[in-house]
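A.B. asks: sharing a model prediction with you, sequence too.
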Amino acid sequence: MEQSLFFAITPDASAMESCRLLASDLRKKLGLKGKLIPPERLHVTLHHMGRHPATPEYLLSTAKRIGAGLRMAPFEVGFDFIQTFTKPRNQPVVLRGEDRLLRGVKILQSELADGLRAAGLDQYVENRNMPHLTLLYDDKGAPPHGIPHPVSWLVREFHLIRSLIGQGKHETLATWALKER
């Protein structure tokens, strides 16, 4: 069974509910047909570490070591506009944020990138990754626009997640609390 591994942050319960309400509203207002991403799968990818037929043990143990060694204080994250990543079909409708709202996410990404590079895993460093949170996929997509109330939360932890491709399941393999250095 094909799977992928990635570092991510996940919204708290209040932000998950805000995402659900926002996505439901978008579907109604824009006539979108795509299914909402289930709350337990909402996340912001920090670094994606590839698709694999089975979990490579070296990659898993190295990712866990990198996560365990990271020290960073909790931070606020916020998303204040909708955007579609244009594809011919099944377009992701995502929440994006201004740079000032994503500063902590970008620092966390940078710290993880340093760990991946130090471990010789440069191929998994995503330099162009724009922090976003996917709400749903739809063939029609949504025009870019601001939202009345930003979706935000205090990020207190980050995770190593395994996605079971084609099954719509995510398994959290490790979680690390953010704390002062």
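C.D. replies: All right, it came through fine. Residues are numbered from 1 along each chain as shown.

A.B. asks: this structure: strands as residue ranges?
C.D. replies: 3-9, 44-52, 75-84, 91-96, 133-138, 145-155, 157-164, 169-177 (DSSP state E).

A.B. asks: looking at these, which is closest to Glu126?
C.D. replies: Among the strands of the chain, the nearest to Glu126 by Cβ to Cβ is strand 44-52 (5.4 Å). For the C-beta atoms, the positions are set from N, CA and C on the backbone; glycine is no exception.

A.B. asks: buried residues in the top helix by length along the chain?
C.D. replies: If you go by DSSP state H, the chain has its longest helix at helix 13-30. Buried residues in helix 13-30, counted by 16 or more other Cβ atoms under 10 Å: 15-16, 18-20, 22-23, 26-27, 30.

A.B. asks: tabulate these (JSON lines), appending distance to Leu116 and pLDDT.
C.D. replies: Below are those laid out as JSON lines (distance: Cβ to Cβ, whole Å; pLDDT from 0 to 100):
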{"residue": "Ala15", "distance to Leu116": "27", "pLDDT": "97"}
{"residue": "Met16", "distance to Leu116": "28", "pLDDT": "97"}
{"residue": "Ser18", "distance to Leu116": "31", "pLDDT": "96"}
{"residue": "Cys19", "distance to Leu116": "28", "pLDDT": "96"}
{"residue": "Arg20", "distance to Leu116": "32", "pLDDT": "95"}
{"residue": "Leu22", "distance to Leu116": "32", "pLDDT": "94"}
{"residue": "Ala23", "distance to Leu116": "31", "pLDDT": "94"}
{"residue": "Leu26", "distance to Leu116": "34", "pLDDT": "91"}
{"residue": "Arg27", "distance to Leu116": "37", "pLDDT": "92"}
{"residue": "Leu30", "distance to Leu116": "37", "pLDDT": "90"}
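
A.B. asks: sketch out the low-pLDDT regions of the chain for me.
C.D. replies: For the chain, residues meeting the criterion pLDDT under 70 lie at 181.

A.B. asks: so which residue is dead centre in it?
C.D. replies: Val44 (1.5 Å; Cα atoms, centre = their mean).

A.B. asks: chain neighbours aside, what residue packs nearest to Pro53?
C.D. replies: Of all residues not flanking Pro53 in the chain, Glu2 sits nearest, at 6.0 Å (Cβ to Cβ, 6 or more residues apart in numbering).

A.B. asks: if I look at the one you found, how far off is Ala54?
C.D. replies: 9 Å (Cβ to Cβ, to the nearest Å).

A.B. asks: with Ser152 instead?
C.D. replies: Shown here: Ser152 relative to Ala54, a distance of 37 Å by Cβ to Cβ.
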